[in-house]
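1. please find the sequence and the predicted model below.
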Amino acid sequence: MKNIAIIMGGYSSEFKISLKSGAVVFETLDRTKYIPHRIHIFKEKWVYVDETENETPINKDDFSVEVEGKKVTFDCVFNAIHGSPGEDGFMQGYFELLGIPHTSCSMYQAALTFNKRDFLATLKPFGIKTAESYYLNLGDAIDEDAIVAKVGLPCFVKANKAGSSFGISKVYKKEDLQAAIGTSFKEDNEIIIEQFLDGVEVSVGVISYKGDTKVLPITEIVSENDFFDYQAKYEGKSQEITPARISKDYETKVKTEAKKIYELLKMKGFSRSEFIFKNDEPYLLEMNTVPGLTKESILPQQAKEAGISLQDLFSNAIEEAINYY
């Protein structure tokens, strides 16, 4: 029986979603193979949470915990932290230094994919299509005319390093740019302003599965809101249709791109990439390396469509991690 630490929470606005994802992993893990332990990671505390909700501090020297007088160490860490520090490389670096297997990608890949600007710029030389974009850092002069000249209107103003659509606005008029930029700066000190691509939006899950790269069935995103924002993602204001209602040609193209990106970056574990079709070609928006794992989340829906149960999905992630390290 392997001891599995399920880390959840985190330092960002996404902590509530992470706690839900972590709870699903905790409930679902195969108790014949694994002993799951809930670990809450917050700025003010790293704690093991037992069945009665009692908290015991984690020893950060070796990521162990004392339970009923016995020291517990972990065979593998199941990472369910969306946002910082679980999706941006910090936890990955920590566990890699300690030699503890973990289910997400490695430190460099996590840091790169979490930074939308660097991620898209890295892939451009490999022929991956992306939207026109304009970068702003906190303190920069804001030249609205230059922004509109580069990306046009409407456009998206996004926090560069944030997930779950926090700090994102769709802007139709030049005079609304300032407010949108202010919203994004609440989440991050770097911003990416992107051209609006009007087309079918899809989400493509790619995972390491039984030693191979597996592209899962594609999900089509149809938002009731103006775009796929937080409400659309988590409050039922969207339709997520799996498998996507797209042509075989579209499906082949986007699956090929998603797999190419995963393998180019030497990814492992879970990933979910978002694309929009423009002129019959998939344009990459971003990649999530710790995607939502609640029952409503996209990656579990895709796995189900592929005939992979949640329990199998989670067991495979643990075994792949242990074999990798």
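-> The structure has been received and is ready for your questions.
2. what's the average pLDDT for stretch 187-197?
-> Stretch 187-197 comes out with an average pLDDT of 93.
3. pretty sure Asp118 is in a strand, no?
-> No. Asp118: not assigned to a strand; according to DSSP: H, G, I helix; E, B strand; the rest coil it is helix.
4. so for stretch 193-210, what gets flagged as buried?
-> The neighbour-count check on stretch 193-210 (16 or more other Cβ atoms under 10 Å) flags 193-197, 200-209 as buried. C-beta coordinates here come from the backbone N, C-alpha and C atoms, glycine included.
5. those residues in helices, which ones?
-> Using DSSP state H to define helices, no part of the buried residues of stretch 193-210 is located there.
6. mark which of those are part of strands, please.
-> Judged by DSSP state E, the subset of the buried residues of stretch 193-210 located in strands is 193-195, 201-209.
7. Phe126: which of these is nearest?
-> Of all those, Phe126 sits closest to Val206, with 15.6 Å by Cβ to Cβ.
8. how far away is that closest one from Ser238?
-> Going from Val206 to Ser238 by Cβ to Cβ, to the nearest Å gives 21 Å.
9. hang on, the earlier thing: which of the buried residues of stretch 193-210 sits closest to Pro217?
-> Closest to Pro217 out of the buried residues of stretch 193-210 is Gly205 (8.0 Å), distances taken as Cβ to Cβ.
10. so that closest one touches Ser271, yeah?
-> Yes. Using Cβ atoms under 8 Å, Gly205 makes contact with Ser271 at a distance of 7.1 Å.
11. where do the contact lists of those two overlap?
-> Contact criterion Cβ atoms under 8 Å, 6 or more residues apart in numbering; residues shared by Gly205 and Ser271: Pro291.
12. so which residue is smack in the middle of the protein?
-> In the chain, the C-alpha nearest the mean C-alpha coordinate belongs to Asn288, at 2.7 Å (Cα atoms, centre = their mean).
13. which of the ones in strands among the buried residues of stretch 193-210 sit farthest apart?
-> Ile193 and Tyr209 (36.2 Å).
14. identify the residue nearest Asp249 in space, chain neighbours excluded?
-> Asp280 (7.6 Å; Cβ to Cβ, 6 or more residues apart in numbering).
15. count of neighbours near that neighbour?
-> Number of residues near Asp280 (other Cβ atoms under 10 Å) recorded here: 10.
16. next one: Leu112
-> Counted with other Cβ under 10 Å, Leu112 comes out at 20.
17. what about the helix or strand containing it, average pLDDT?
-> Here Leu112 sits within helix 107-114, counting by DSSP states H and E. Taken as a whole, helix 107-114 has a mean pLDDT of 97.
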